[in-house]
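Chemist: Give me a model of this one.
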Amino acid sequence: MLIELIMVVVVIGLMTAVASIALTGRIGPAKLQSQARDLIKTFEMARDGAARSENRYAIRIDFIDQTYTLREIPPEGMEKSLSENPIIKQVELTPSQAQFDYVYFDDGTDSRFPGPGRDATSATFLAGRAGWQNGGKIVLIDQDGNPWSIIVNRIGRNIELVEGDSEIFENVLKPRSRTELIF
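Modeler: Modelled structure (predicted):
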């Protein structure tokens, strides 16, 4: 009787260990996906707000602070610097769950290799009535070091999260200038 009881306890212990190992493998991606879904909703909010109004919206990703900020740019604020326009939402990623790695725009601009007018500390997506000035991908790293990509499609309305460092189509359309985003 005692041996049978010990065997039952051992089997339950093994099943618990296997279940906890399987669950641990899913927690990292689930935490990243939660933060990524919030960022996607922010992109959708900016896109939809710009489509319904005369305002533009900017989402600035800060690689140093690991934050993203949604700002509204009213018509009278278009001549101001971005930081002078009102903040609608600002979120800091939880470092143990997700981190911004880099942004690659569909015009070939890569935040890891800054060029004229751009720096390696941030990347900005601008939305106007005509849609996104540039599409691109935002690469996030989960707690296990695995990459995930948020694809911002300038042509369509899709903004999606995909596992891995996804490829995007480059130069599908000429990037829109700031003046083209007014209408």
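Chemist: CA atoms for contacts and neighbours, from now on please.
Modeler: OK.
Chemist: nearest spatial neighbour of residue 163, skipping sequence neighbours?
Modeler: residue 148 (4.5 Å; Cα to Cα, 6 or more residues apart in numbering).
Chemist: Run a quick neighbour tally on the one you found.
Modeler: If you count neighbours by other Cα atoms under 10 Å, residue 148 ends up with 25.
Chemist: Compute the first-to-last residue distance for stretch 108-120.
Modeler: 14 Å (Cα to Cα, to the nearest Å).
Chemist: So which bits of it are buried?
Modeler: For stretch 108-120, the neighbour count (16 or more other Cα atoms under 10 Å) marks 109, 110, 111, 120 as buried.
Chemist: re earlier: the residue nearest to residue 163 looks like it's in a strand, true?
Modeler: Yes - under DSSP: H, G, I helix; E, B strand; the rest coil, residue 148 falls within a strand.
Chemist: dump the residue contacts of it.
Modeler: Taking Cα atoms under 8 Å, 6 or more residues apart in numbering, we find residue 148 in contact with 139, 140, 141, 142, 161, 162, 163, 164, 165, 166.
Chemist: average pLDDT for stretch 156-174?
Modeler: For stretch 156-174, mean pLDDT rounds to 74.
Chemist: Can you give me the distance of the closest residue in space to residue 96 that isn't next to it in sequence to residue 61?
Modeler: The shortest distance from residue 96 to any residue other than its chain neighbours is 5.6 Å, reached at residue 143 (Cα to Cα, 6+ apart). Distance from residue 143 to residue 61, counting by Cα to Cα: 19 Å.
Chemist: between those two, who's got more neighbours?
Modeler: For residue 143 versus residue 61, neighbours defined as other Cα under 10 Å are more numerous around residue 61 (24 against 18).
Chemist: wait, isn't the more buried one in contact with residue 123?
Modeler: Yes - using Cα atoms under 8 Å, residue 61 makes contact with residue 123 at a distance of 5.2 Å.
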